[in-house]
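1. Coordinates for the following, if possible.
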Amino acid sequence: MDSQHLIVAAMHEAYRAHDLPAPRRERLLSIVGLSLNEAFLDLGEGAAGYPVAGLVDRYREAHATFRQAQTHVEPLFPGATETIAALAGRADVVLGIATGKSRRGVDGVLARHDLRRHFRSIKTADDAPSKPHPAMVIAAMREVGAAPGDTFVVGDTAFDIKMARAAGATGIGVAWGYHPAEALRAAGAAAVIERYAALVPLLERMWAVPAPA
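-> Numbering: from 1, shown residues only. Below is the predicted model of the structure:
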């Protein structure tokens, strides 16, 4: 889903609450995918006394308030629903989620878009270290009995691709997210797609999985 407007608004509110200037929009979006603590550590760039804990708390409060008030809509990217349903409907595919969001946040998103039933494994920032640490992917593979060579991580940031590679899985980048295609390739993406409709055909080629009858 496209969360950029909600993320940026909550970030600005967190910085405003601490009387600090917010980084540029591009800089704020560059840390999407990290857990909140890691994200603010990155944004702080080692500055002494940088209020990481306070920024995290205020961000969470603002994020929850904006979402509850539906001030900033978080639409799914075009083709997301259809692609998820197509993959979930195959007997030879298991879907999982590995995200820097909290469990509460993920549950809300899945409920709002009626997607929960499609995912066998859900790993969040509450379960493991932040991306690009591979713990979430490793735990998900273990949970569903998948081997690294049969696992693909689809993501829109270099953190996703690095996480996949560290877990022994294959990373596939999507070009409509928060990091440019060049950064995804530099991180080790085996491929970068421009639209959701390209994902299933790509997997069928790379995985050599026959189409369902």
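
2. My guess is G54 contacts H18. True?
-> Yes - counting by Cβ atoms under 8 Å, H18 is a contact partner of G54 at 6.0 Å. For every residue, glycine as well, the C-beta is placed using N, CA and C.

3. following the worst-scoring helix or strand of the chain on mean pLDDT, which helix or strand shows up next?
-> Every helix and strand in the chain was compared by mean pLDDT, DSSP states H and E; the lowest is helix 103-112, with a mean of 87. With elements assigned by DSSP states H and E, the helix or strand that comes after helix 103-112 is strand 121-123.

4. Low-confidence ranges, this structure, go.
-> 71-72, 209-213 (pLDDT under 70).

5. buried residues in the least confident helix or strand of the chain?
-> 105-106, 108-110 (16 or more other Cβ atoms under 10 Å).

6. what's that helix packed up against?
-> Packed against helix 103-112, as judged by 3 or more Cβ pairs under 8 Å, 6 or more residues apart in numbering; DSSP states H and E, are no other helices or strands.

7. With just CA atoms, put it into CSV.
-> The C-alpha trace of helix 103-112 is given here as CSV (Å, rounded to 0.1, in the frame of the first residue of the first chain):
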residue,chain,number,x,y,z
ARG,A,103,1.8,-6.1,14.6
ARG,A,104,-1.0,-3.8,15.4
GLY,A,105,-0.4,-1.7,12.3
VAL,A,106,-0.2,-4.7,10.1
ASP,A,107,-3.4,-6.2,11.5
GLY,A,108,-5.2,-3.0,10.8
VAL,A,109,-4.0,-2.8,7.2
LEU,A,110,-4.9,-6.4,6.5
ALA,A,111,-8.4,-6.0,8.1
ARG,A,112,-9.1,-2.8,6.2
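
8. So what's the gap between it and the chain middle?
-> 13 Å (Cα atoms, centre = their mean, to the nearest Å).

9. and if you look at stretch 111-127?
-> For stretch 111-127, the distance to the chain centre is 12 Å (Cα atoms, centre = their mean).

10. likewise stretch 76-89?
-> For stretch 76-89, the distance to the chain centre is 16 Å (Cα atoms, centre = their mean).

11. Run through who's touching it.
-> 1-2, 93, 95, 113, 115, 117-119, 176, 195-197, 199-200, 203, 212 (Cβ atoms under 8 Å, 6 or more residues apart in numbering).

12. What are the buried residues along it?
-> Buried-residue list, stretch 76-89, by 16+ other Cβ under 10 Å: 76, 80, 83-84, 86-87.

13. ok, now stretch 108-124?
-> 108-110, 115, 118-119, 121-124.

14. was I right about A98 contacting K123?
-> Yes - if you go by Cβ under 8 Å, A98 and K123 touch, sitting 4.9 Å apart.

15. Need the residues touching each of those two.
-> 136-137, 140.

16. Which parts of this structure belong to which domain?
-> 4-69, 80-207 (automatic domain parsing).

17. Just the terminal-to-terminal distance for the shortest one.
-> Taking Cα to Cα, to the nearest Å, the span from the opening residue of domain 4-69 to its closing residue is 17 Å.

18. try stretch 12-23
-> Termini of stretch 12-23 sit 9 Å apart (Cα to Cα).
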